[in-house]
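Trainee: got a sequence here, can you build the structure:
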Amino acid sequence: MKKISKYFIIAGEKAAKLLPDALTGKSSDLEKKLITRYGNKGCAEKIADHKNKMGRKYVAVILAGLLMVCVSTAARVSGGTVLQYIERPETDQEQLSIPVRVTAEKEGVRVEEESTIVVKSRGLTDAERKSILEKFTESLPIIILGENENLECVFSDLNLMTEDEETGISLHWESDNPEVLSEDGSVNVTCLDGDEEVVHLTADMSLGSVTAETKIEVYVIDDAVQYETGLKRQISEAVDALNASDEGREIKLPASLGKGIEIRWETASKGNGVLIFFLTIMGFLLVYAMKYSRIDKDKELYIKGIRNDFPGFVDKVVLLLNSGLVVSAAMKKIASDYDSAVQEGRASYLYDELSLIQKKADESHTSLITEWKAFGTRSGINEVMRFCYILEDNINKGSTLAGKLETEGELLRKSRRNSAEEKGRIAETKMTLPMMILLGVLVLITIAPSMIEL
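Mentor: Predicted coordinates:
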């Protein structure tokens, strides 16, 4: 498991390098968002870490797509339920379209075809049957010769036409061996008794009231290339015959097609490649749309944490000032107490910043006011900026500073109360619709017995 995790992290890093900047987040945008939280220190590392995590997310989406493809392929390869009967829908029900995978075998040659059996509703009227037969009869286009060089050596389909567009002649064809050469010109070499067979075609031609008849000898020869095509045609004809049937409550699926051709019917699942592709694209779009979400959430928690802790922090400063400490000593005392609390597992965004400000001031001998103003400008939090202005204006006025900070603390607590009340009002508004639905259900339950009696 550790090796897999290691390879996944490496793949994410490589993906972050290969993917466009727009997919993992532009460095300039990330820097603007991260500087609020971390300042200039460590921004490059945070940006690299964010891009690596985005790379891992894209890799995860690709792997999920590949896994779905594998599962779908395995499901199709494993085969479906073997079919022997298909129950026909009743007259008032819609016809069924059942995807099937058909396997035909003969002399070691195995062919699999996917098709659809249309099971029509049972009990059609004579008028409906007549209409269906007429449409079926008129739907067969017929054209002659096709790819064959001559009629003495026929191995592929003949194109037997029903009407010549140039002359307007109508034609009707009959074959004395429809298994080998059907009336629509289909050639099936799998049904030959030997290497060659003669088939006699009769063409009834008519042009208005004039009719004529002609007989043509066709020599159909065996061809190994057409053997597989013949098996496929046999399957297609079997499916067409099943589709045209509307009798009986069940359809008996044939186990053989004659001439030694065995056939097996199985349920076939429809391809879901489009769905997998769509889900993969949606995964990419979701990851892309949320490329800044973690940083924005971290920033939101950071600002919220500072605002929540700020009234208590101001109260501590006021308490220490009233006890006789100066501002710098009060800040150092609070920072020192927080460092001890962190060792015990308690942490706070505000006091993290206070600790960093105190360390910078001690190490670089800069003014606390300067560091606090830099923090206020970077975070953009109004409460921090007001605190900075109060410190700057009253740094040397101990009692006055304590009073102003005490007033500021009251304002901060009042602001928090107002915010909590606003959230409560919003929650009440959101509950209005569910309460109305419950009220409607209650009224319905109350009047239901009376309605039933009426």
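Trainee: so where is the stretch 351-454 of the chain shaky, pLDDT-wise?
Mentor: Within the stretch 351-454 of the chain, the stretches with pLDDT under 70 are 395-399, 451-454.
Trainee: cutoff 50 now
Mentor: Residues of the stretch 351-454 of the chain that meet the criterion pLDDT under 50 lie in 398-399.
Trainee: let me see the ranges of the strands in this structure.
Mentor: Counting by DSSP state E, the segments of the chain that form strands are 85-87, 96-106, 109-119, 170-175, 196-207, 210-221, 250-252, 256-258, 261-267.
Trainee: dump these to TSV, plus distance to Ser355, mean pLDDT and mean neighbour count.
Mentor: Quick note: C-beta positions are derived from backbone N, CA and C, even for glycine. Converted to TSV, those look like this (distance: least, CB to CB, whole Å; pLDDT from 0 to 100; neighbours: other CB atoms under 10 Å):
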stretch	distance to Ser355	mean pLDDT	mean neighbour count
strand 85-87	76	79	13
strand 96-106	67	82	17
strand 109-119	69	83	16
strand 170-175	97	80	17
strand 196-207	98	77	16
strand 210-221	95	75	13
strand 250-252	81	81	14
strand 256-258	85	72	14
strand 261-267	68	78	17
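Trainee: wait, which of the ones you listed is closest to Trp372?
Mentor: strand 96-106 (71.6 Å; CB to CB).
Trainee: check the residue lying farthest from the centre of the chain and give its pLDDT.
Mentor: No residue in the chain sits farther from the centre than Gly324, which is 65.5 Å out by CA atoms, centre = their mean. Here the pLDDT value assigned to Gly324 is 81.
Trainee: how near is it to Ile437?
Mentor: Applying CB to CB, to the nearest Å, the value for Gly324 to Ile437 is 62 Å.
Trainee: the longest helix anywhere in the chain to strand 96-106, inter-axis angle?
Mentor: Ordering each helix of the chain by length in residues (DSSP state H) puts helix 43-77 first. Interaxial angle, helix 43-77 versus strand 96-106 (axes from the mean of the first three to the mean of the last three CA atoms, to 10 degrees): 70 degrees.
Trainee: distance from helix 43-77 to the middle of the chain?
Mentor: A distance of 14 Å separates the centroid of the chain from that of helix 43-77, by CA atoms, centre = their mean, to the nearest Å.
Trainee: what's the answer for stretch 154-165, then?
Mentor: Worked out by CA atoms, centre = their mean, stretch 154-165 lies 47 Å from the chain centre.
Trainee: can you give me the buried ones in the longest helix of the chain?
Mentor: Within helix 43-77, the residues that count as buried by 16 or more other CB atoms under 10 Å are 43, 46-47, 50-61, 65, 68, 72, 76.
Trainee: again with stretch 380-397
Mentor: Buried, per 16+ other CB under 10 Å, within stretch 380-397: 381, 383-388, 390-391, 394.
Trainee: ditto for stretch 401-414
Mentor: 401-402, 404-406, 408-409, 412.
Trainee: now these in a markdown table, with distance to Gln95?
Mentor: A markdown table is the format used below for those (distance: CB to CB, whole Å):
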| residue | distance to Gln95 |
| --- | --- |
| Leu401 | 87 |
| Ala402 | 88 |
| Lys404 | 84 |
| Leu405 | 82 |
| Glu406 | 83 |
| Glu408 | 78 |
| Gly409 | 78 |
| Leu412 | 73 |
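Trainee: and of these, the nearest to Lys2?
Mentor: Closest approach to Lys2 among the buried residues of stretch 401-414 (CB to CB): Leu412, at 48.2 Å.
Trainee: now the helices for this structure?
Mentor: So, for the chain - with DSSP H - the helices run 2-18, 21-24, 27-38, 43-77, 126-138, 225-244, 273-289, 293-322, 327-343, 349-364, 368-379, 382-394, 398-430, 432-453.
Trainee: between these, which one is nearest to Gln93?
Mentor: Of the helices of the chain, nearest to Gln93 by CB to CB is helix 126-138, at 15.0 Å.
Trainee: next up, the contacts around the spatially closest residue to Ala16 that is not a sequence neighbour.
Mentor: Counting by CB to CB, 6 or more residues apart in numbering, the nearest residue to Ala16 once its immediate chain neighbours are dropped is Gly55, at 3.3 Å. By CB atoms under 8 Å, 6 or more residues apart in numbering, the contact set of Gly55 is 11-17, 19, 24.
Trainee: give me the buried entries from these.
Mentor: Applying 16+ other CB under 10 Å to the contacts of Gly55, the neighbour count classes 11-13, 15-16, 24 as buried.
Trainee: so which residue is dead centre in this structure?
Mentor: Nearest to the geometric centre of the chain sits Leu279, at 1.7 Å (CA atoms, centre = their mean).
Trainee: distance of that residue from Ser72?
Mentor: Relative to Ser72, Leu279 is positioned 11 Å away (CB to CB).
Trainee: go on, Leu171?
Mentor: From Leu171 across to Ser72, the span is 47 Å (CB to CB).
Trainee: how many neighbouring residues does the residue lying closest to Tyr292 once chain neighbours are set aside have?
Mentor: Once flanking residues are discounted, Tyr292 sits nearest to Gly25: 6.1 Å by CB to CB, 6+ apart. Under the neighbour criterion other CB atoms under 10 Å, Gly25 is assigned a count of 21.
Trainee: mind listing what Gly25 touches?
Mentor: Taking CB under 8 Å, 6+ apart, we find Gly25 in contact with 50-51, 54, 291-292, 295.
Trainee: then Ile35?
Mentor: 43, 378.
Trainee: can you count the residues close to the residue nearest to Ala335 when sequence neighbours are not counted?
Mentor: The shortest distance from Ala335 to any non-neighbouring residue, by CB to CB, 6+ apart, is to Gln358 (4.1 Å). By other CB under 10 Å, 21 other residues sit near Gln358.
Trainee: wait, Gln358 touches Met331, no?
Mentor: Yes: using CB atoms under 8 Å, Gln358 is in contact with Met331, at 6.1 Å.
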